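Asker: Got a predicted model here, sequence first, then my questions.
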Amino acid sequence: MNHLKALIIKFVMIAVVLLVILTGIYDVEFGDTLLISAVLTLVAYALGDLMIFRKTGDREDHNRADHNDDHTKRNAMATVSDIVLSFLVIWLMGEVLLAETPDLIQAAIISALVIGAGEWFFHKYLDRHVFPEKHNHATHNNH
């Protein structure tokens, strides 16, 4: 259930960003923007969140300072990968769906950077609510 809630949050975040940028600024069709949002949500959750964010930084000797440093490193790695992945998905899907959209690369870069900013905070949510073993491990070892 936590994964479903996280997917919904991620989809809403991505869809809002893409609706404002792609549809609002670059006149991309609403349906195309939602399709790109759905594909990006699933791909980014599987690769960026489940594989990179969750799987990196599994150290056994966590203390509170190490946990904060570990979270920051994991978050930075996952956020950068989300930015790159977002750019690639938006650009490649845009090439297929949006043949007559000028400045597609510019739209993809701007969208990817804004999504990346949101992902930084989304990863904090994941740590506390979806992957509690990451968050609770350091808290438990401190007591």
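Answerer: Nice, I can see it. Numbering: from 1, shown residues only.
Asker: what does stretch 97-107 contact?
Answerer: Around stretch 97-107, the neighbours that count as contacts under C-beta atoms under 8 Å, 6 or more residues apart in numbering are 21-22, 25-28, 32, 35-36, 90-91, 94-95. For glycine as for every other residue, the C-beta is placed from the backbone atoms N, C-alpha and C.
Asker: Need these in TSV (columns: distance to residue 78).
Answerer: Listed next are the contacts of stretch 97-107 as TSV, based on distance: C-beta to C-beta, whole Å:
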residue	distance to residue 78
21	22
22	23
25	27
26	27
27	31
28	27
32	27
35	24
36	20
90	18
91	20
94	23
95	26
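Asker: Quick one: which of these is the most crowded by neighbours?
Answerer: residue 90 (30 neighbours; other C-beta atoms under 10 Å).
Asker: Helix, strand or coil: sort out that residue for me.
Answerer: helix (DSSP: H, G, I helix; E, B strand; the rest coil).
Asker: From residue 50, how far out is the closest residue in space to residue 129 that isn't next to it in sequence?
Answerer: If the residues on either side of it in the chain are set aside, residue 129 comes closest to residue 2, at 6.0 Å by C-beta to C-beta, 6 or more residues apart in numbering. Distance of residue 2 to residue 50, given as C-beta to C-beta, to the nearest Å: 12 Å.
Asker: Who has more neighbours out of these two?
Answerer: Counting neighbours by other C-beta under 10 Å for residue 2 and for residue 50 shows that residue 50 has the greater number, 16 against 11.
Asker: one step back: could you dump the contacts of stretch 97-107 to TSV with distance to residue 106, secondary structure and pLDDT?
Answerer: Converted to TSV, these look like this (distance: C-beta to C-beta, whole Å; DSSP: H, G, I helix; E, B strand; the rest coil; pLDDT from 0 to 100):
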residue	distance to residue 106	secondary structure	pLDDT
21	10	helix	97
22	11	helix	96
25	10	helix	95
26	9	coil	93
27	14	coil	91
28	13	coil	93
32	17	helix	96
35	20	helix	98
36	16	helix	98
90	11	helix	97
91	10	helix	96
94	11	helix	95
95	14	helix	93
